[in-house]
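Visitor: Mind looking at a prediction? Sequence and model below.
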Amino acid sequence: MAASKSTNTYNRQNWEDADFPILCQTCLGDNPYIRMTKEKYGKECKICTRPFTVFRWCPGAKMRFKKCEVCQTCAKLKNVCQTCMLDLEYGLPIQVRDAALKIKDDLPKSDVNREYYLQNVDAQ
């Protein structure tokens, strides 16, 4: 039997609730007037598996809709776009950038350690 939202808030205190996504210029599009929908806790992050706020928008005329795939915490840690997962500075895929700059991924693998690590990162 599931607990109600008001009684089970321990794990929800670490969930992400954002006002605007972290995006590259390509994903944002050239139209300065974008209509964006926001769904709180709409999806699970592809990296850390925590619920996060999903944004969905159409970057331009005759283009497909785009949406966020990773949470803002992971996007900030890795300096990537939340939608296309490309580096914000160089525009490269994460694995190529990490190999070129010799960056080591230090995100813990187990669930409990990952939660603890992300809580400490969010606190900073």
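Guide: Nice, thanks for sending it over.

Visitor: Validate this expectation: Y41 resides in a strand.
Guide: Yes: residue state for Y41 (DSSP: H, G, I helix; E, B strand; the rest coil) corresponds to a strand.

Visitor: Could you check the pLDDT of it?
Guide: Y41 is assigned 89 on the pLDDT scale.

Visitor: So it versus K102, what's the distance?
Guide: 36 Å (C-beta to C-beta, to the nearest Å). For the C-beta atoms, the positions are set from N, CA and C on the backbone; glycine is no exception.

Visitor: quick check: longest helix of the chain.
Guide: helix 111-123 (DSSP state H).

Visitor: Quick check: closest non-adjacent residue to R64.
Guide: Nearest in space to R64, with sequence neighbours left out and distances taken as C-beta to C-beta, 6 or more residues apart in numbering, is C58 at 7.5 Å.

Visitor: swap that for L28, please
Guide: When the adjacent residues along the chain are set aside, L28 lies closest to P59, with 6.4 Å between them (C-beta to C-beta, 6+ apart).

Visitor: That neighbour against Q25, yeah?
Guide: No: using C-beta atoms under 8 Å, P59 makes no contact with Q25, being 10.0 Å away.

Visitor: Could you report the separation of the most centrally placed residue in the chain from A18?
Guide: Within the chain, the residue whose C-alpha comes closest to the C-alpha centroid is C71; the distance, by C-alpha atoms, centre = their mean, is 2.1 Å. Separation of C71 from A18 (C-beta to C-beta) stands at 8 Å.

Visitor: quick one: common contacting residues for those two?
Guide: Common neighbours of C71 and A18, counting by C-beta atoms under 8 Å, 6 or more residues apart in numbering, are F52.

Visitor: Phi, psi for L86 please.
Guide: Per-residue torsions, L86: phi -100, psi 150 (degrees, to the nearest 10).

Visitor: what are the bridge partners for it, then?
Guide: Following DSSP bridges, L86 is listed with bridge partners P93.

Visitor: Next, the contact list for it, please.
Guide: If a contact means C-beta under 8 Å, 6+ apart, then L86 has 24, 26, 80, 92-94 as its contacts.

Visitor: Pick out the most distant pair among these.
Guide: For the contacts of L86, the farthest-apart pair by C-beta to C-beta is T26 and I94; their separation is 15.6 Å.
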